[in-house]
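> task: produce atomic coordinates for the following.
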Amino acid sequence: MDNIKIALKDREIEITLLPSKLGKDEEMKKALSAKLRCRIEAISHWKIIRRSLDARKKPIVFRLRVVVNPEQTELLTEAYQSASLNSDKTAIIVGFGPAGMFAALELLEAGIRPIVIERGSEVRNRRRDVVKIFREREVDPESNYCFGEGGAGTFSDGKLYTRSKKRGNIRQILQTLVKYGADPQILYDARPHIGTNKLPEIVVNIRNAIRKAGGEVHFDTKVEDFIVENQKLIGVRSREKEWRSDAVILATGHSARDIFKLLAKKRIRIEAKEFALGVRIEHPQDLIDRIQYKCVSRDTNLPPAAYSVVRQIKDRGVFSFCMCPGGIIAPAMTASDEIVVNGWSPSKRNGDFANSGFVVQVKANDWSDIEGDADLRAMKYQGILEKRAFIAGGSNLTAPAQRAIDFVKNRISKSIPETSYIPGVVSADLREVLPKDISQRIAGALRHFNKIMPGYGGDQAVMVGIESRTSSPVRIPRERESLEHPEISGLYPCGEGAGYAGGIMSAALDGIACARKIAVRNES
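Numbering: from 1, shown residues only. Sure, this is the predicted structure:
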């Protein structure tokens, strides 16, 4: 028998399991032994390295890639270890979202002390600031859903799926997140997800590790000026203090409009960038389950169903964005006179609703008639629409909403069903909020998707406006090889705010890449 086990050691195979059998050791052994044509007793251990749900036909199954009888349990060998630091070399990081956090960890690995400056609050205080939006209808412009420890990702779901597989070591990021508290399932799930309820603790653990290793993290500290001498960025300045260093990673996220304005004021080149604009569309989760699983009611062994849709309408893409099964619609504005919505799910994804961004590509000709600095016109265009949504929602952080079927038929909804958006919604004509070309494309896409997914654009679907922070409306250019700004040495634009990432994983990868360029420069 031992010889059989040795022969099977580290054997990698693919199997399928019914949802009801997932997680049951005996069922796993039966499937593995049947696939390998060996006795069950020969299967001693296994390690799942990939898991995905296949709902294309009945029966619905999980597809698993498994290593049989691995020699030992996998250690988190690629995770950052954050050893103690003994170095006077420093780099400044502005922003403590995914890009800033992983840049700091990478700098520590290279023996460089990161100095992190974050305008928002640490997680505990930031949570209170978010609650104020619901209870007091007040938005703290420095600490909210977008700004603060962990960035927008902390209170926005924790989706870890990315197509940026060639940009760096994705597994290193996943292993690091597991090391600091994430569920090990993210190492093999096809679409890994942490959950908003679990992310804060992970973020705090990473912050504590950075500080323990010798790095600095400063909260409630807003960068108000860049110190530039002879076309070189040598430091940053807040209201109370300044920091100097040969390298500054600018990882402020897609909503730091004051930073974009500061760059323009300092004549540091920026560029208007295309983004996407639309609404959050919300359905009862059981409706999405019925559509996707083609069932009367979802098997309790199946996860809440998700979806992804895309359609070209009049030469522009209309697509779902950041789909949240069992989630809620969240207020993602950074000022008290605008409405911006986003979505998130808890780790169990067990809410009554499913929501998703439903957005249209926005191009340069859409904002061409906006007055002012050409490089800031996309940002201004975005802001004008957010203020329009604020007025349409009643100017009390309630959001304008409309049933999808009424939007398609160009009529105001007589009533709005219950939604997950806690500040509340009011019936409004979203065609009066969104630009005409955007509205027409959304209506056309809804007609199409309702045909192939009956009910998707029906009476139970509610559209809540507006979803406008899909990506940065500004790009901060950088050299392809050095990742530095082409005109200002020492400046490393990074992550979503610089226009080089879109989501937790790609932002983290970009932060790592910028930190490595700084490390290489210090070695030369």
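
> in stretch 269-286, what's buried?
Applying a neighbour-count criterion of 16 or more other C-beta atoms under 10 Å, one finds 270, 272-273, 275-286 buried in stretch 269-286. Backbone N, C-alpha and C define where each C-beta goes, glycine included.

> can you tell me how far I259 is from P454?
In this view, I259 and P454 are 45 Å apart by C-beta to C-beta, to the nearest Å.

> quick one, phi/psi of I466?
Main-chain torsions, I466, degrees, to the nearest 10: phi -120, psi 160.

> any idea how far the closest residue to it other than its chain neighbours is from I329?
Excluding the flanking residues, the one nearest I466 by C-beta to C-beta, 6 or more residues apart in numbering is A389, at 4.6 Å. Using C-beta to C-beta, A389 is found at 13 Å from I329.

> got it, and T398?
Separation of T398 from I329 (C-beta to C-beta): 12 Å.

> more neighbours: which of these two?
Per other C-beta atoms under 10 Å, whichever of T398 and I329 has more neighbours is I329, with 28 against 19.

> so the more buried one, which state does it fall into?
Per DSSP: H, G, I helix; E, B strand; the rest coil, the secondary structure class of I329 is strand.

> can I see the domain layout of the chain?
Following automatic domain parsing, one finds the domains of the chain at 2-68, 90-269+474-523, 274-467.

> need the distance between the two termini of the last one.
With C-alpha to C-alpha, to the nearest Å as the measure, the ends of domain 274-467 fall 15 Å from one another.

> could you do stretch 319-330 as well?
19 Å.

> now for the residue nearest to I466: which residues touch it?
E338, I339, V340, A399, P400, V433, G465, I466 (C-beta atoms under 8 Å, 6 or more residues apart in numbering).

> hang on, isn't the last one packed against K387?
This points to I466. No. Using C-beta atoms under 8 Å, I466 is not in contact with K387, being 10.4 Å away.

> show me which of those two is the more surrounded one.
In this view I466 and K387 are compared by other C-beta under 10 Å, and I466 has more residues nearby, 29 against 14.

> pLDDT wise, what is the more buried one at?
I466 carries a pLDDT value of 98.

> any idea how far V318 is from it?
15 Å.

> ok, S439 next?
Distance check for S439 against V318: by C-beta to C-beta, it reads 11 Å.

> so between those two, which is more surrounded?
Ranked by neighbour count (other C-beta under 10 Å), S439 and V318 place V318 first, with 25 against 20.

> contacting residues for the more buried one?
G278, V310, R311, Q312, F358, V359, V360, Q361, R441, I442, G444, A445.

> now swap in A428 and tell me
Going by C-beta under 8 Å, 6+ apart, A428 touches A392, G393, P400, A401, Q402, I412, G465.

> go again with 7 Å.
By C-beta atoms under 7 Å, 6 or more residues apart in numbering, A428 lies in contact with A392, G393, P400, A401, Q402.

> go on, I339?
M333, E386, A389, F390, G393, A399, G465, I466.

> doesn't the second one lie inside a strand?
No. Read with three-state DSSP, E386 is helix and lies in no strand.

> and it, how close does it get to S255?
Taken as C-beta to C-beta, the span from E386 to S255 is 11 Å.

> compare these two (neighbour count), which wins?
A count of neighbours by other C-beta under 10 Å puts S255 above the other of E386 and S255, at 27 against 21.

> the more buried one contacts C146, correct?
Yes. Under the criterion of C-beta atoms under 7 Å, S255 makes contact with C146 at 4.3 Å.

> overlap of the contact sets of those two?
Common contacts of S255 and C146, defined by C-beta under 7 Å, 6+ apart, comprise T334.

> secondary structure class for P303?
coil.

> please apply the same query to V66.
When classified by three-state DSSP, V66 comes out as strand.

> do V228 as well
Looking at V228 with three-state DSSP, the answer is strand.

> pLDDT score assigned to it?
Note for V228: predicted pLDDT of 97.

> try the one 4 residues further on
According to the per-residue confidence, K232 scores 97 in pLDDT.

> what stretches of the stretch 101-250 of the chain score poorly on pLDDT?
Counting by pLDDT under 70, the low-confidence segments of the stretch 101-250 of the chain come to 156-157, 164-166.
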